[in-house]
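K.L.:
whatever this is, show me its structure:
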Amino acid sequence: MAGNEKERDEVTYEVVEHIGVLAAYPTGWKKELNRVAWNGNPPKFDLRDWDENHEHMSRGITLHQEEAKSLRELLTAIEL
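P.N.:
As a prediction, the model looks like this:
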């Protein structure tokens with residue numbers, strides 16, 4: 001079966017712009033909004049938990065600029 005399995009390529013990333021921290025946890029991890037360039041592609045808005053040194057991360061979401069604008073419009077339209 002190993003011959004049929006695809007090898008996972010290494011994911012590369014660069015935090016191009018740190019925008020802000022939404023939450024900080026006692027473990028040192030933080031939920032952050034950043035602009036991140038994944039695998040050498042143009043940066044996207046990125047929301048996920050990171051360790052203190054940005055070496056490890058949780059699953060998160062990435063948004064193109066137009067998607068981020070749509071999210072902003074949705075959030076401003078609701079009462080929080």
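
K.L.:
the residue positioned nearest the centre of the chain - nearest residue in space that isn't next to it in sequence?
P.N.:
Taking Cα atoms, centre = their mean, the centroid of the chain lies closest to residue 46, which sits 3.0 Å from it. Nearest residue to residue 46, sequence neighbours excluded (Cβ to Cβ, 6 or more residues apart in numbering): residue 36, at 4.1 Å. C-beta: built from backbone N, CA, C; applies to glycine.

K.L.:
for that neighbour, grab the count of nearby residues.
P.N.:
For residue 36, the number of neighbouring residues by other Cβ atoms under 10 Å comes to 23.

K.L.:
wasn't it part of a strand?
P.N.:
Yes: Residue 36: assigned to a strand according to DSSP: H, G, I helix; E, B strand; the rest coil.

K.L.:
quick check: beta-bridge partners of it?
P.N.:
residue 15, residue 44 (DSSP bridges).

K.L.:
would you confirm that it contacts residue 18?
P.N.:
No: using Cβ atoms under 8 Å, residue 36 makes no contact with residue 18, being 9.8 Å away.

K.L.:
tell me where this protein has strands.
P.N.:
Assigned by DSSP state E, the strands in the chain fall at 13-24, 30-38, 44-50, 61-63.

K.L.:
name the residues of the longest one that are buried.
P.N.:
Okay, so that is strand 13-24. residue 13 (16 or more other Cβ atoms under 10 Å).

K.L.:
on contacts alone, who are the packing partners of it?
P.N.:
strand 30-38 (3 or more Cβ pairs under 8 Å, 6 or more residues apart in numbering; DSSP states H and E).

K.L.:
which other helices and strands contact the strand it packs on?
P.N.:
If you count contacts as 3+ Cβ pairs under 8 Å, 6+ apart, strand 30-38 packs onto strand 13-24, strand 44-50.

K.L.:
taking their axis directions, it and strand 13-24 sit at what angle?
P.N.:
Computed with axes from the mean of the first three to the mean of the last three Cα atoms, to 10 degrees, the direction of strand 30-38 lies at 160 degrees from that of strand 13-24.

K.L.:
residues in contact with strand 30-38?
P.N.:
Residues outside strand 30-38 that contact it (Cβ atoms under 8 Å, 6 or more residues apart in numbering): 11-25, 43-50, 52, 62.
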